[in-house]
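[1] Structure for the following, please:
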Amino acid sequence: MQILDRPPKIKMHCVRQRFNPKADDISLFLVLFEHQAKMMNIPAENQVAQLVLLLPPDIVQLITREPEEDAKKYEYVKALLLQGFKLSAEKFRQLFNKHQKASESTWYDFYYELKNYLEGWLNGLNIKNS
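    Below is the predicted model of the structure:
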């Protein structure tokens, strides 16, 4: 019997809750997904396949209507989801300005959420670090 020296395969849907469009923020959900995908060493070409396992069927249908080559690209799907949920630069600005720390969340969570909203706002305005 040969023992392989490979880490066990862990599926994203086993460690991450499904996206709830009525309760969750899509931009924050995607950022958390990206961090977990990086920690789990999920290759870029497999990220969309892992992401769709966490999305409701109606959102998955939206992705499958796109051209096959585009639907395989995570950045394309991410932009599609953000556009579908209408998270424009203005919406990120509003989220950033109105966001308050929830009593059950940590200060680190609050910082992370604010940082995400600010980055979404700046990216929407095409402002890059120089």
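
[2] excluding its backbone neighbours, what's nearest the spatially most central residue of the chain?
    The residue lying closest to the centre of the chain (Cα atoms, centre = their mean) is Leu30, at 0.7 Å. The shortest distance from Leu30 to any non-neighbouring residue, by Cβ to Cβ, 6 or more residues apart in numbering, is to Lys78 (5.6 Å). From N, CA and C alone the C-beta is placed, and that goes for glycine too.

[3] ok so, going back, for the helix or strand hosting the residue nearest to the centre of the chain, name the packing helices and strands.
    Element membership for Leu30 (DSSP states H and E) is helix 26-39. Applying 3 or more Cβ pairs under 8 Å, 6 or more residues apart in numbering; DSSP states H and E, we find helix 26-39 packed against helix 12-15, helix 47-52, helix 74-84, helix 107-124.

[4] Let me have the ones you listed in JSON lines, extended by distance to Val60.
    Putting those into JSON lines (distance: least, Cβ to Cβ, whole Å) gives the following:
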{"stretch": "helix 12-15", "distance to Val60": "13"}
{"stretch": "helix 47-52", "distance to Val60": "5"}
{"stretch": "helix 74-84", "distance to Val60": "10"}
{"stretch": "helix 107-124", "distance to Val60": "23"}
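
[5] which stretch among those comes nearest Leu62?
    Of all those, helix 74-84 sits nearest to Leu62, with 6.2 Å by Cβ to Cβ.

[6] which residues sit against the closest one?
    26-27, 30, 44, 47-48, 51, 59, 62-63, 66, 70-71, 120 (Cβ atoms under 8 Å, 6 or more residues apart in numbering).

[7] Compute the distance between the residue nearest to the centre of the chain and Trp107, please.
    Distance, Leu30 to Trp107, by Cβ to Cβ, to the nearest Å: 22 Å.

[8] for Asp25, same thing?
    18 Å.

[9] Who has more neighbours out of the two?
    When Asp25 and Trp107 are compared for neighbours, Asp25 comes out ahead with 19 against 8, by other Cβ atoms under 10 Å.
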